[in-house]
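Asks: Here is my input; please provide its structure:
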Amino acid sequence: MPDLSIVVPAYNEGSAIVACLDQIVATVATPFEVLVVYDTPEDTTAPFVASYARADPRVRPALNTYGRGPAQAIRFGLEHAQAPIAVVTMADGSDEARLIDEMARLVAEGAAVVAASRYMRGGRQIGGPPLKRTLSRLAGVSLYWLGRVGTHDATSAFKAYSTAFVREARIESDRGFEIGLELVGKAKHMGRRVAEVPTTWRDRTEGASNFRVAAWLPTYLRWYWRALRPARDRGAGG
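Replies: Predicted coordinates for the structure are as follows:
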């Protein structure tokens, strides 16, 4: 059994997934498996992942059977992770794979969630749509100071988790990338530790982002308000 499961939700990444996998394989020292999760057999990511997996059995193609969309793909990946620690990272190369070992170490030391933070001291964000950047920063900083959630970047999708905590928390998100925010809020209300490490996030250089601000904003707001509430006002699981 691996020590670490790395979950990569993918949507029609095609050959671009190879660079993402190369970066993980070259950088991560912790014994790992990689689950590349896609929604349909026709997804352009699938043949490239299958080819990669034939050469490196640590890579597992994973056809998501929970329904379409990033939330379902991430939930599928986390629930099929074999390791006690799971890291969710994007397929577009925007995340720093070099941080994965450190994030996994912090989970092994007791954190339920570790966020790669763009908004703490030492973190940066390069590129990306201005509206998305502004909303994300406002949410992250306000939740840190007012919600006391333990990270400046609760909306970051690049996070490490205790898989036991994820299963206990029971993911409810079913649309976009709000799972990261949901689990940070639940960790707070369940009295679990949330940690963070500074990261530099870079906007993708190939293809187009699948992030839909207008469509997913209501679900983000739902989990934002829950995370903002004092812990004593919420039962376990938020």
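
Asks: From now on I want contacts and neighbour counts done on CA atoms only, so please keep to that.
Replies: Fine.

Asks: tally of neighbours for residue 130?
Replies: A count of nearby residues for residue 130, using other C-alpha atoms under 10 Å, gives 9.

Asks: One more: the one 3 residues further on?
Replies: By other C-alpha under 10 Å, the residues close to residue 133 number 13.

Asks: Mind telling me what element it is part of?
Replies: helix 130-145 (DSSP states H and E).

Asks: packing partners for that helix?
Replies: Judged by 3 or more C-alpha pairs under 8 Å, 6 or more residues apart in numbering; DSSP states H and E, the packing partners of helix 130-145 are helix 213-228.

Asks: now what about the helix it packs on, what contacts it?
Replies: Helix 213-228 has contacts (C-alpha atoms under 8 Å, 6 or more residues apart in numbering) with 132, 139, 143, 146-149, 173, 175-176, 178, 181-182, 184-186, 188-189, 238.

Asks: Report the buried members of those.
Replies: Among the contacts of helix 213-228, those buried by neighbour count (16 or more other C-alpha atoms under 10 Å) are 139, 143, 147-149, 173, 175-176, 178, 181-182, 184-186, 188-189, 238.

Asks: In helices only, show me the contacts of helix 213-228.
Replies: With DSSP state H as the criterion, helices contain 132, 139, 143, 181, 182, 184, 185, 186, 188, 189 from among those.

Asks: What would the lowest-mean-pLDDT helix or strand in the chain look like as PDB? C-alpha coordinates only.
Replies: The helix or strand of the chain with the lowest confidence, counting by mean pLDDT, DSSP states H and E, is helix 213-228 at a mean of 84. Extracted C-alpha coordinates of helix 213-228, given in PDB (Å, rounded to 0.1, in the frame of the first residue of the first chain):
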ATOM      1  CA  VAL A 213     -17.300  31.500 -11.400                       C
ATOM      2  CA  ALA A 214     -20.900  32.400 -11.900                       C
ATOM      3  CA  ALA A 215     -22.200  28.800 -11.900                       C
ATOM      4  CA  TRP A 216     -20.300  27.700  -8.800                       C
ATOM      5  CA  LEU A 217     -20.500  30.900  -6.700                       C
ATOM      6  CA  PRO A 218     -23.700  29.900  -4.900                       C
ATOM      7  CA  THR A 219     -22.100  26.600  -3.600                       C
ATOM      8  CA  TYR A 220     -19.000  28.500  -2.600                       C
ATOM      9  CA  LEU A 221     -21.100  31.000  -0.600                       C
ATOM     10  CA  ARG A 222     -23.000  28.100   1.100                       C
ATOM     11  CA  TRP A 223     -19.700  26.700   2.500                       C
ATOM     12  CA  TYR A 224     -18.200  30.100   3.100                       C
ATOM     13  CA  TRP A 225     -21.000  31.100   5.500                       C
ATOM     14  CA  ARG A 226     -20.800  27.700   7.300                       C
ATOM     15  CA  ALA A 227     -17.100  28.000   7.700                       C
ATOM     16  CA  LEU A 228     -17.500  31.600   9.000                       C
END
